[in-house]
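got a sequence here, can you build the structure:
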Amino acid sequence: MQAEPRLARWLQRVEARLEAALPASDQSPQGLHRAMRHAVLGGGKRLRPLLVYAAGAATGADESLLDAPAAAVELVHAFSLVHDDLPAMDDDDLRRGRPTVHVAFDEATAILAGDALQALAFTVLAEETRAHDGLRVGWLACLAQATGAAGMCGGQALDMDGTGNALALAELERLHALKTGALIRAAVRLGALAGHADAATLAALDDYASALGLAFQIRDDLLDIEASSEQLGKTAGKDAAQAKSTYPALLGVDGARQALRVQADGMVDALGRLAGDTSALLALGRLAVERQH
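Modelled structure (predicted):
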């Protein structure tokens with residue numbers, strides 16, 4: 001990430017916006033507010049908000065317009081992690097090197113914290129008065145579609161249905177295109193909408209984001225078998241323990257690495273169709289492919 005100096009500045013911007021959006025921990029109901037802050041402010045790669053800024057930079061967006069969608073997409077991501085970790089879903093007790101929300105607080109508080117974070121995401125977008133009404137509606141529609149049954153929640157349902165079953169490769173790709181990919185595609189589109197991108201630019205960015213989403217998941221699957229819990233900040237080996245279909249399980253480790261290279265090439269090809277500054281998008285693509293946690 002050091003190769004792209006803007007990323008550090010964008011991280012500071014989104015952290016400040018998240019801090020401003022979240023309720024104070026001493027406000028009632030304190031337990032709920034502390035749980036929300038625990039879920040959001042506990043670190044993380046912040047890939048999705050960085051993609052908002054990078055797509056905005058590639059399309060000439062006013063950077064001040066990007067803080068709200070960057071924060072909103074990260075709030076939705078945090079909500080998804082809180083619910084994904086619940087005993088009824090992936091049942092995990094470690095996230096970003098800390099106890100998951102239902103462990104640090106309790107299961108009911110975790111459910112409510114996730115719900116509240118999702119609502120807060122849309123509030124942040126709706127109240128961004130620097131954006132004109134058409135842009136705000138576009139943002140809201142984009143994030144809503146990526147979050148719901150046609151996106152992330154639908155992918156999570158497919159993941160739960162597929163646990164313990166051997167999925168075909170096409171089924172696995174569809175699952176992750178929804179569960180992981182939908183929010184990544186939304187992050188890129190949120191930034192591009194702020195830059196008034198035309199249809200051809202949006203299509204190229206969608207292709208980039210689709211390749212990035214699959215690359216991110218393939219790398220995640222590889223790390224689950226190659227890295228330790230300390231390196232990952234979450235429980236390693238969970239996929240095998242829960243009998244989940246993964247890219248290494250279907251393709252072998254070497255086949256999964258080859259599939260990762262194919263998606264990396266796809267990102268580069270898609271960005272080659274753009275006329276704007278794609279250096280930050282390229283850097284984030286490399287991060288997804290080469291990350292160690």
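
quick one: stretch 175-191 to chain centroid distance?
7 Å (Cα atoms, centre = their mean, to the nearest Å).

cool, stretch 5-20 as well?
16 Å.

who touches that stretch?
1, 40-41, 46, 49-50, 53-54, 57, 63, 66-68, 70-71, 74-75, 124, 280, 283-284 (Cβ atoms under 8 Å, 6 or more residues apart in numbering). Every C-beta, even on glycine, is put in place using the N, C-alpha and C of the backbone.

all helices of the stretch 51-200 of the chain, in order?
For the stretch 51-200 of the chain, the helices defined by DSSP state H, counting those that start in this stretch cover 67-84, 101-104, 107-126, 133-147, 152-162, 169-179, 181-194, 199-226.

can you list the buried residues in the last one?
Of the residues in helix 199-226, those buried by neighbour count under the rule 16 or more other Cβ atoms under 10 Å are 201-202, 204-205, 207-224.

number of nearby residues for Thr129?
8 (other Cβ atoms under 10 Å).

now do it against Pro49, distance only.
20 Å (Cβ to Cβ, to the nearest Å).

which residues does stretch 195-211 contact?
Counting by Cβ under 8 Å, 6+ apart, 51, 55-56, 58-61, 177, 181, 184-185, 187-189, 192, 263-264, 266-267, 269-271, 273-274, 276, 281, 285 sit against stretch 195-211.

from these, list the buried ones, please.
51, 55-56, 58-59, 61, 177, 181, 184-185, 187-189, 192, 263-264, 266-267, 270-271, 274, 276, 281, 285.

show me what contacts His102?
Per Cβ under 8 Å, 6+ apart, neighbours of His102: 82, 85-87, 109-110.

ok, and the most crowded of those residues?
If you rank the contacts of His102 by neighbour count (other Cβ under 10 Å), Val82 sits at the top with 28 neighbours.

which residue is the nearest non-sequential neighbour of that residue?
Here the nearest residue to Val82 in space, its sequence neighbours aside, is Gly114; by Cβ to Cβ, 6 or more residues apart in numbering that works out to 4.0 Å.

that neighbour and Gln156, how far apart?
12 Å.

of those two, which one has the most company?
Between Gly114 and Gln156, Gly114 has the larger neighbour count (other Cβ under 10 Å), namely 25 against 19.

show the average pLDDT along stretch 161-168.
When pLDDT is averaged over stretch 161-168, the result is 88.

and stretch 89-106, by the same measure?
On average, stretch 89-106 scores 93.

from the chain's centre, how far out does it sit?
The answer for stretch 89-106 is 18 Å, by Cα atoms, centre = their mean.

ends of that stretch, what's the gap?
Taking Cα to Cα, to the nearest Å as the measure, stretch 89-106 stretches 15 Å from start to finish.

same question for it: list its buried residues.
In stretch 89-106, counting by 16+ other Cβ under 10 Å, buried: 90, 92, 94-96, 98-105.

export those to TSV and tack on distance to His33?
Below are the buried residues of stretch 89-106 laid out as TSV (distance: Cβ to Cβ, whole Å):
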residue	distance to His33
Asp90	25
Asp92	23
Leu94	23
Arg95	18
Arg96	19
Arg98	17
Pro99	17
Thr100	17
Val101	12
His102	16
Val103	18
Ala104	13
Phe105	11
